[in-house]
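Student: Sequence and computational prediction follow.
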Amino acid sequence: MSATEKSGFVLFDITGLKPEAGAPAPERIVSGTPTNNSWNLYTSADNRFFSGIWESEPGCWKIIYDEDEFCHILEGESIITDKNGESFTVRAGDAFVIPRGFEGTWHVVTRTRKQYVIYAV
């Protein structure tokens with residue numbers, strides 16, 4: 001049971017929780033030096049469903065999704081571009097799904113923080 005989970009209820013509160021630091025794999029970086037932090041707040045017993053909060057500093061990297069992800073942007077601005085060149089600018093308040101199989105780039109214009117819910121097959 002996580003620090004924010006009680007009786008099966010999970011509150012998305014990261015106060016006092018240490019994030020997991022990360023970055024895209026070097027071969028995926030297109031520009032900048034993007035680093036990120038994530039707070040995974042829930043993982044199902046079968047490890048196929050998880051959710052939490054993620055944030056990244058500016059930069060651009062290639063993305064290839066092998067899971068389905070719901071995102072709700074809490075702050076910042078990012079541009080997600082698909083492999084055909086169509087771009088989607090997302091800002092605080094925007095919510096969207098990136099389906100399994102999506103390929104393209106994620107460009108963090110200003111530090112971006114999102115809530116995520118991921119279902120992995």
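Tutor: Happy to help now that I have it.
Student: Paired strands for the longest strand along the chain, with orientation please.
Tutor: Of all segments of type strand in the chain, defined using DSSP state E, the longest is strand 103-119. With DSSP bridges as the test, strand 103-119 is paired with strand 49-56 (antiparallel), strand 59-64 (antiparallel), strand 68-82 (antiparallel).
Student: want to throw the ones you listed into CSV with mean pLDDT?
Tutor: CSV is the format used below for the strands paired with strand 103-119 (pLDDT from 0 to 100):
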stretch, mean pLDDT
strand 49-56, 97
strand 59-64, 98
strand 68-82, 98
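Student: most packed of those?
Tutor: strand 49-56 (a mean of 19; mean count of other CB atoms under 10 Å). Yep, even glycine has a C-beta here, placed from its N, CA and C like the rest.
Student: got the contact list for that one?
Tutor: 10, 12, 14, 34-44, 74, 76, 78, 108, 111-120 (CB atoms under 8 Å, 6 or more residues apart in numbering).
Student: Over to stretch 100-116?
Tutor: So stretch 100-116 is contacted by 12, 30-32, 34, 51-83, 90, 121 (CB under 8 Å, 6+ apart).
Student: How far does it sit from its chain's centre?
Tutor: How far stretch 100-116 lies from its chain's middle: 6 Å, per CA atoms, centre = their mean, to the nearest Å.
Student: What distance do you get for H107 to A21?
Tutor: Distance, H107 to A21, using CB to CB, to the nearest Å: 20 Å.
Student: These two - which one has more neighbours?
Tutor: Legend: neighbour count by other CB atoms under 10 Å for H107 and A21, higher for H107 (21 against 9).
Student: Please name the bridge partners of that one.
Tutor: Beta-bridge pairing for H107 (DSSP bridges): C60, I79.
Student: A45 versus that one, what's the distance?
Tutor: Plainly put, H107 is 35 Å away from A45 if you go by CB to CB.
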